[in-house]
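*Asks:* got a predicted structure here, sequence first:
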Amino acid sequence: MRAEPAAWAAGAVALGGLPLLLSPFQVVQLTVFMAFCLLALSLDLIWGVAGILSFGQAAFFGVGGYAYGVVGINSGSTALALAGAVLGAAVLAALLAYFTFYGRVGAMYFAVITLTVTLILHQVMGSTADPRYAIGAARLGGYNGMTNIPSLALELPGRAPTVLEPVPLFYAVGGLLLLVLVLGRALVRSPFGRVLVAIREDEGRTELLGYDVRWRKLLTFVIAGGIAGLAGGLFAGWGNFINPQVFSLSQSALVVIWVMVGGRGTLYGAIAGTLVVQSLTNYLGAASVTYTTVLLGLALVVIVLILPGGLVPALGRLLSRLAPRPGRALEVPP
């Protein structure tokens, strides 16, 4: 616990120095990886901490991306667009959570419902190719996607917006990722977070102890949805493009894989798993491996079988074994 502030400071220093060591292409690539890390964090908060498996984070990510595009194209303000991305995803999460949690929907059915909503959005947004499907000046574009989405810009009162170049954009996304991680860890360590862990371990007993489980689950799901929407907005601003593929089954499953590989429940694992899986995917693709998907799947299966708890918990256990135990360092053999 006490080492966490030092780790956050080290992370901030590393983020500040990375652009000096990486090529421009690697900076751009790592920027989108960090946006994906935010998406994985959102799932780890609801699944790893509260124990609620959701396949809907891809839906909130996509809604955030589309909301960013619509607001950004019509208003010209990327700050307002980013706020719209968070708000749009959070509202969808609130509606979905209210009807499922207060409707006493079981955990398995909840996972199916979130996946169904994601696939419905995929189908609906793919059917908007006709030019009539537009919100103001923003054309939805069907499977071709929404184009001409404005890049993220620094907007200061009294000054013209300054479009963020790759390195400043890297710092902006990295700073948001670090901020969300710090706030997420603070939430987990708070009394509210401890109740969430109790819900994960035994929801019925937690409710019998007098805690209102439903509104805590709803609030956590809304927070997670807003984080996923933020990730979607950053992704749309990074690539100036969004299409219905973000709602696909493969994208929904990929978010779960990121968290599984890194280790759920720590929030750090979500970041580690995303970076490992995406780096491995890009490496196999750049190497022109014939069966990239098969090899990636085999690698992930091996990781999960060898380290069932994930990379970060396994690393934590290893460090605890290597670290000297108190009281034994001064022992002198007879």
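*Replies:* Great, that's in hand. Numbering: from 1, shown residues only.

*Asks:* any chance you could map the strands in this structure?
*Replies:* With strands called from DSSP state E, the chain shows them at 134-135, 138-139, 153-154, 162-163.

*Asks:* quick one, what contacts Val294?
*Replies:* Taking CB atoms under 8 Å, 6 or more residues apart in numbering, we find Val294 in contact with no residue. To be clear about C-beta, it is placed using only N, CA and C from the backbone, and glycine gets the same treatment.

*Asks:* how about the one 5 residues further on?
*Replies:* If a contact means CB under 8 Å, 6+ apart, then Ala299 has Leu280 as its contacts.

*Asks:* Leu311 too?
*Replies:* 261-263, 269, 272-273, 276, 303.

*Asks:* from these, which single one is nearest Val255?
*Replies:* Nearest to Val255 among the contacts of Leu311: Gly273, at 9.9 Å, using CB to CB.

*Asks:* for that closest one, give me the pLDDT.
*Replies:* Predicted confidence (pLDDT) for Gly273: 92.

*Asks:* and it, how far from Val32?
*Replies:* Distance check for Gly273 against Val32: by CB to CB, to the nearest Å, it reads 16 Å.

*Asks:* neighbour count: those two, which is higher?
*Replies:* Gly273 (27 against 17; other CB atoms under 10 Å).

*Asks:* what's the nearest residue to that one if we skip its chain neighbours?
*Replies:* Spatial nearest neighbour of Gly273, excluding adjacent residues (CB to CB, 6 or more residues apart in numbering): Gly262 at 2.5 Å.

*Asks:* neighbours of that neighbour, how many?
*Replies:* 29.

*Asks:* quick one: the residue nearest to Ala314 when sequence neighbours are not counted and Phe61, what's the gap?
*Replies:* What sits nearest to Ala314 in space, not counting adjacent residues and going by CB to CB, 6+ apart, is Leu307, at 4.4 Å. Per CB to CB, Leu307 is found 26 Å from Phe61.

*Asks:* of these two, who's got more company?
*Replies:* Comparing Leu307 with Phe61 by other CB under 10 Å, the one with more neighbours is Phe61, at 35 against 17.

*Asks:* surely the more buried one meets Gly233?
*Replies:* No - applying CB atoms under 8 Å, one finds Phe61 not in contact with Gly233, separated by 9.2 Å.

*Asks:* how about low-confidence regions in the stretch 51-200 of the chain?
*Replies:* By pLDDT under 70, the stretch 51-200 of the chain has no low-scoring segment.

*Asks:* and the gap between the residue positioned nearest the centre of the chain and Ala6?
*Replies:* Nearest to the geometric centre of the chain sits Leu39, at 1.2 Å (CA atoms, centre = their mean). According to CB to CB, Leu39 and Ala6 sit 27 Å apart.

*Asks:* cool, Gly316 as well?
*Replies:* For Gly316 relative to Ala6 (CB to CB), the value is 16 Å.

*Asks:* same question for Gln29.
*Replies:* From Gln29 to Ala6 the distance is 28 Å (CB to CB).

*Asks:* so what's the residue nearest to Val28 when sequence neighbours are not counted up against?
*Replies:* Spatial nearest neighbour of Val28, excluding adjacent residues (CB to CB, 6+ apart): Pro166 at 5.2 Å. By CB under 8 Å, 6+ apart, Pro166 lies in contact with 24, 27-28, 31.

*Asks:* among the residues you listed, the buried ones, what's the ChimeraX command?
*Replies:* Selection of buried members from these for ChimeraX, criterion 16 or more other CB atoms under 10 Å:
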select :27,28,31
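
*Asks:* now, the contacts of Pro166 that are in helices?
*Replies:* 24, 27-28, 31 (DSSP state H).

*Asks:* so what's the residue count around the nearest residue to Ile242 once chain neighbours are set aside?
*Replies:* Excluding the flanking residues, the one nearest Ile242 by CB to CB, 6+ apart is Gly65, at 4.0 Å. As a burial measure, Gly65 scores 31 neighbours (other CB under 10 Å).

*Asks:* was I right about Gly65 contacting Leu230?
*Replies:* No - between Gly65 and Leu230 there is no contact under CB under 8 Å: 10.4 Å.

*Asks:* mutual contacts of these two, please.
*Replies:* Ala85.

*Asks:* and the longest helix anywhere in the chain, which residues are buried?
*Replies:* Longest helix in the chain, counting residues (DSSP H): helix 213-239. By neighbour count on 16+ other CB under 10 Å, the buried set for helix 213-239 is 213-214, 216-218, 220-239.

*Asks:* who are the packing partners of it?
*Replies:* With contacts taken as 3 or more CB pairs under 8 Å, 6 or more residues apart in numbering; DSSP states H and E, helix 213-239 sits against helix 24-43, helix 57-75, helix 78-101, helix 166-189, helix 191-201, helix 203-208.

*Asks:* now these as TSV including distance to Thr147?
*Replies:* TSV is the format used below for the helices and strands packed on helix 213-239 (distance: least, CB to CB, whole Å):
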stretch	distance to Thr147
helix 24-43	17
helix 57-75	9
helix 78-101	15
helix 166-189	19
helix 191-201	40
helix 203-208	45
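
*Asks:* right, I'll leave it there.
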